[in-house]
Each structure stands twice: as C-alpha cells, then as structure tokens.
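Colleague: here you go, sequence then predicted model.
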Amino acid sequence: MLQRLQANGITMAVRVQGAGRPIVFIHGHGFESSTWQPQLDYFGKAYRTIAYDVRGHGLTDVATHGYTMSELAVDLAALLDMLDVEHAVLCGLSMGGMIAMQAAVDFPSRVSGLVLGDTALPAGKTPAEQVLGRLRAIYDQGLAKLADNVGERYYGKRFREAKPDFHHWWRERYLQNDLAGLTGCMLAMWDRPEITDRLEVLGFPTLVIVGEEDEVTPPDAARRIAETIQGAALVVLPETGHISNEERPLEFNRVVQEFLDRIGWEGSHRTPA
C-alpha cells in the first residue's frame, strides 16, 4: 500500500506490505520504489517490507536542498521513526546500496543487516571539471538523452534480448523523474564521504550481490565491499546486468532469503529458534 509520510522535513512516498520483522528496500538512481515489487510480493508474505521513493525521485518531494549522502541517510532514519521501526535489514541497490552503507555507519543501532546489490564504496573525489561537464550535458541534452545513454548499460544482454520492449518501458519510467532531483542525487553520489574504515569495524551481517555483466558497478566493486566488511558473503548472478533484482527476481529473492535465514532474521510464518 502506497503511503505519504512526513519525514525529515519532506513528504515521502512509501510502500508497505506484510507484517513481521522489517526489511527496507532502497532503489537506485533514476528509479522509484516500484522497482522492488518482485521483492515486496515475495518477502511481504513473511516480513514487513518497506520500499520508499528516495528524495527527488518518484512521488517523494523534490527538495531544493539536502542532496548529500549523509542527508539521504537521515531521510531513511527519519522514515524508520515515522513507521515505528527500531531496526531493520536494509536492502539497497546501486545508489540505494550507497544510502544503506551510509545509514549503517551513521545510525548503526538501526541496522540489523545489509544486502548490498550492484553498488560500490566511495572511490575518491571525481574531478570537478568532470562533474560539471556531466551536469552541463544533462541540462543541455535533457533527461531523454540521459535515459538513452544509461538504459543500455543498466540491463544485461540476455535480459535485453529476451525482453526487447522492456527498455522502452524503463525509459518512460525514467523520464517521469524530475531533473533537479536526479542531478541532486547524482551530486550526492559523486561527493560521498569516505566510510570504508568505519564499515570495516562495524561488521554487520552483510550480503553483497552483483550481476556478472554489470557495467555500472562491476563485480570488482562488489568484491571490494565484501573484502571490506568482515564476514560478508558475495554472490555473482550469471548473465545479469546492473538491475539484478528485476532481471533475476527469483534468484535475487532466493539468495536474500538464504541470507536472512543464516542471520536468524525469521519471517512471521516461521517458528523462531
């Protein structure tokens, strides 16, 4: 069910399904909460599943400020407060994984585990001229050109061949976003604070998932995360691109469920040990 809630000074769009222990799903850049529908339908049978539109995306407010990774993590913590969630497993994909990692280091008491899909740790500051050049191209060419450029990189070859019309549907969905929100979150990703040392000492139960054909955050980036977080498990999904939860929903759900079972995050249909 889609709700509109006030959190951290903005109105946020939130989807909530099921009951039980909470899992929060955080989408990637240019997407919105409906990208998690295969996971909401599956995990909503046994868990309280929560997916929200990140600031500047979907039906959440396009704020004129607050576009830093730390502030996006505050948005998440404030949303947990509004939903009376003390702590949760965070499952983020791409930008959503970056938000989940930032929330883990800024609000560790709110996190019971991490599922990090097709994402990356900070890799140093992008040169200012490169950032400005990219932003100028976006404003000059508009979202339509941006959608064409990134769409082919987001999905794996096998998936594109099996569903040739999917790109057109994805493009229309992408174009529903607001330019200010997309560029604001893009700047937040480019200007992330360094958190690697902080993640190393926290040691959250962590699952790292990556598509074998991911060109945006390739398997090497996933391996770096898995090597940084002590005890993290790494799963590479074959013949899969960047949006692994939509390309391979059955496999994605299976490995996440195995992770939840392993860390004792039982669903409501199970008897706790």
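Modeller: Structure received. Since we're looking at a predicted model, the values are computed, not measured. Residues are numbered from 1 along each chain as shown.

Colleague: do I have it right that Gly28 meets Ile243?
Modeller: Yes - between Gly28 and Ile243 there is a contact at 7.1 Å, judged by CB atoms under 8 Å. C-betas here are computed from N, CA, C, even on glycine.

Colleague: between those two, which contacts overlap?
Modeller: Thr35, Leu93, Ser94, Asp118 (CB atoms under 8 Å, 6 or more residues apart in numbering).

Colleague: now the residues you listed in CSV, with neighbour count, pLDDT and distance to Leu187?
Modeller: Formatted as CSV, the shared contacts of Gly28 and Ile243 follow (neighbours: other CB atoms under 10 Å; pLDDT from 0 to 100; distance: CB to CB, whole Å):
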residue, neighbour count, pLDDT, distance to Leu187
Thr35, 21, 93, 22
Leu93, 30, 98, 20
Ser94, 26, 97, 16
Asp118, 30, 98, 20
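
Colleague: just the residues you listed now: which is nearest Leu132?
Modeller: Closest approach to Leu132 among the shared contacts of Gly28 and Ile243 (CB to CB): Ser94, at 22.7 Å.

Colleague: and the closest residue to that closest one other than its chain neighbours, what does it touch?
Modeller: Among residues not flanking Ser94 along the chain, Gly28 sits closest, at 3.2 Å (CB to CB, 6 or more residues apart in numbering). By CB under 8 Å, 6+ apart, the contact list for Gly28 reads Thr35, Leu93, Ser94, Met95, Gly96, Asp118, His242, Ile243.

Colleague: from Asp75, how far off is the residue lying closest to the second one once chain neighbours are set aside?
Modeller: Translated: Leu93. Counting by CB to CB, 6+ apart, Gly117 is the residue found nearest to Leu93 once chain neighbours are left out, at 4.0 Å. Distance, Gly117 to Asp75, by CB to CB, to the nearest Å: 19 Å.

Colleague: quick one: which of the two has more around it?
Modeller: Per other CB atoms under 10 Å, whichever of Gly117 and Asp75 has more neighbours is Gly117, with 31 against 23.

Colleague: for the more buried one, give me phi and psi.
Modeller: Backbone torsions of Gly117, given as degrees, to the nearest 10, read phi -100, psi 130.

Colleague: going forward, the N-terminal residue is numbered 17.
Modeller: In the new count, where the first residue is 17, that last one comes out as Gly133.

Colleague: residue boundaries of the helices in this protein?
Modeller: Secondary structure of the chain by DSSP state H: the helices cover 53-59, 85-98, 111-122, 144-170, 173-178, 182-191, 195-206, 212-218, 235-244, 260-263, 265-278.

Colleague: which other helices and strands contact the last one?
Modeller: For helix 265-278, the packing partners by 3 or more CB pairs under 8 Å, 6 or more residues apart in numbering; DSSP states H and E come out as helix 53-59, strand 127-133, strand 222-227, strand 249-253.
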